[in-house]
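Asker: here is a sequence with its predicted model. Questions after.
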Amino acid sequence: MQGQIMKGIAGFYFVKSGETVYRCKARGIFKKQEIKPAVGDRVEFDIIEGNDDNLITQILPRRNSFIRPFVANVDCFLVVTAVARPAPVQELVDKLLIMAEKAGTEVILCINKCDLAADQSKGSGRKAAASLQHLRSIYEPVYPVILLSQEDGSGYGKILERIRGRKAALAGASGVGKSTILNQLLRDEKMETGSISEKTQRGRHTTRHAELFLLDEEGTGIFDTPGFTSFALAGIEAEQLPHLYPEIERVLGGCRYDDCRHLAEPGCAVKEAVAKGQISQERYDSYRAMIREIDSKKKY
Ligand SMILES: Nc1nc2c(ncn2[C@@H]2O[C@H](COP(=O)(O)OP(=O)(O)O)[C@@H](O)[C@H]2O)c(=O)[nH]1
Ligand SMILES: [Mg+2]
Ligand SMILES: [Zn+2]
């Protein structure tokens, strides 16, 4: 049988095949070979009659995989930022975009809490509106951007349209609204988010384990994870970085020097594109900051 791992709990893996979820263990040999099944893995498994412990016999090749959270086969990243509360941090957004590019997934930028930008009579509303405009001007030329608001429910349908039939993962800072978005997409499966748990005084819901939730019969799914924030630049070489900014990659062939790092070199097509407004200054500054960060890590 073939299926996909939806979650793992205490040595058991819950594998969905057709309409059924099978509780499985992993073959003993996996441990010796230091192979660990991940949520999202497509696996071969045997049904053991008269025994709950069906057996995963093989992990099929992964499209991509991540260490923290430990998940595999992400088709699409939904990188989430809020317009305010918490204020957007471009550095984190760009790191998550880079991580997604490196994994070879599609990316959608979700700008959440757009309702906070609606009330222009308040200073906080004007500030949120300015931050929304700023985010759109930076990212709309590069990535699909979806504006979301829990208040009027706008944007969730657009996410579903774009990810239909595929498995998407939410990534973003704590508090930007990832659990809220997941719950809105799941609708009837109610999980508690911050606001609900504030009322019940039971402390905030925190996602401790990765889990893959299916939204429909077409295989559309969402990974719920504790977060993708900690390791974004790990294992990325400076030479690779220009390829992880789509708008930089587009102009790469035009530099005078083959080994151009797009910093101070003359005849640099990237800097020309920035001067012409084809690449935003913010994204170019972000590229420079990431290069510095990668270079500084190399020294140790
Ligand atoms: N104003 C506003 N608040 C939101 C929106 N989406 C989520 N929130 C609130 O933001 C807080 C954090 O949301 P949560 O989903 O737990 O964020 P997570 O840490 O990214 O999972 C909660 O109090 C939510 O009710 C939104 O669109 N507008
Ligand atoms: Mg959450
Ligand atoms: Zn260059």
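Answerer: Looks like it arrived, so ask away. Ligands and ions are numbered 1, 2, ... in the order given.
Asker: tell me, how many residues neighbour the residue in the stretch 51-200 of the chain that ligand 2 sits nearest to?
Answerer: Distances between the stretch 51-200 of the chain and ligand 2 by C-beta to the ion are smallest at residue 179, namely 3.4 Å. All C-beta spots, glycine's among them, are computed from the backbone N, C-alpha and C. For residue 179, the neighbour count with other C-beta atoms under 10 Å is 20.
Asker: host element of it?
Answerer: Here residue 179, judged by DSSP states H and E, is contained in helix 178-186.
Asker: close to ligand 1, is that helix?
Answerer: Yes: residues of helix 178-186 contacting ligand 1 under C-beta under 6 Å from any ligand atom: 178-180.
Asker: can you give me the mean pLDDT across that helix?
Answerer: For helix 178-186, mean pLDDT rounds to 92.
Asker: kindly report the same for stretch 150-159.
Answerer: Rounded mean pLDDT across stretch 150-159 is 95.
Asker: can that stretch be found next to ligand 1?
Answerer: Yes: counting by C-beta under 6 Å from any ligand atom, ligand 1 has neighbours in stretch 150-159: 150-151.
Asker: pull out the buried positions in that stretch.
Answerer: Within stretch 150-159, the residues that count as buried by 16 or more other C-beta atoms under 10 Å are 150, 155-156, 158-159.
Asker: and residue 239, how many neighbours?
Answerer: Number of residues near residue 239 (other C-beta under 10 Å) recorded here: 10.
Asker: what helix or strand is it on?
Answerer: Counting by DSSP H and E, residue 239 is found in no helix or strand.
Asker: tell me where this structure has helices.
Answerer: Remark: helices assigned in the chain by DSSP state H are 28-32, 90-103, 123-139, 156-163, 178-186, 194-200, 246-249, 269-275, 281-298.
Asker: could you tell me the least trusted of those helices?
Answerer: When I compare those, helix 194-200 is least confident, with a mean of 35.
Asker: returning to what we had before: what is the helix holding residue 179 packed up against?
Answerer: On a contact count with 3 or more C-beta pairs under 8 Å, 6 or more residues apart in numbering; DSSP states H and E, helix 178-186 meets strand 76-82, strand 106-112, helix 156-163, strand 167-172, strand 221-224.
Asker: let me see the contact set for the nearest residue to residue 167 once chain neighbours are set aside.
Answerer: Spatial nearest neighbour of residue 167, chain neighbours left out: residue 221 (4.2 Å); criterion: C-beta to C-beta, 6 or more residues apart in numbering. By C-beta atoms under 8 Å, 6 or more residues apart in numbering, the contact set of residue 221 is 166-168, 212-215.
Asker: now for the residues you listed, which pair is the farthest apart?
Answerer: Distance extremes for these: the farthest pair is 166 and 213 at 13.3 Å, using C-beta to C-beta.
Asker: residue at max distance from the center of this protein?
Answerer: residue 50 (40.1 Å; C-alpha atoms, centre = their mean).
Asker: quick check, pLDDT for that residue.
Answerer: 81.
Asker: what does residue 204 give?
Answerer: Confidence score, pLDDT, at residue 204: 45.
Asker: what's the answer for residue 278, then?
Answerer: pLDDT, residue 278: 96.
Asker: got it, and residue 83?
Answerer: Value listed for residue 83 in the pLDDT field: 98.
Asker: do residue 193 as well
Answerer: pLDDT at residue 193 comes out at 44.
Asker: which non-adjacent residue is nearest residue 245?
Answerer: Residue 245 sits nearest to residue 287 (C-beta to C-beta, 6+ apart), 5.7 Å away.
Asker: residues in contact with residue 43?
Answerer: Residues near residue 43 by C-beta under 8 Å, 6+ apart: 2-5, 13, 15, 24, 37, 56-60.
Asker: got the domain ranges for the protein?
Answerer: Annotated domains of the chain cover 2-59, 76-224, 241-298 [automatic domain parsing].
Asker: please identify the deepest-packed of those.
Answerer: The highest mean neighbour count among the domains of the chain, using mean count of other C-beta atoms under 10 Å, belongs to domain 76-224: a mean of 18.
Asker: that one: end-to-end distance?
Answerer: Taking C-alpha to C-alpha, to the nearest Å, domain 76-224 runs 13 Å from one end to the other.
Asker: the helix holding residue 179 versus strand 167-172: what angle between them?
Answerer: If you take axes from the mean of the first three to the mean of the last three C-alpha atoms, to 10 degrees, helix 178-186 sits at 150 degrees to strand 167-172.
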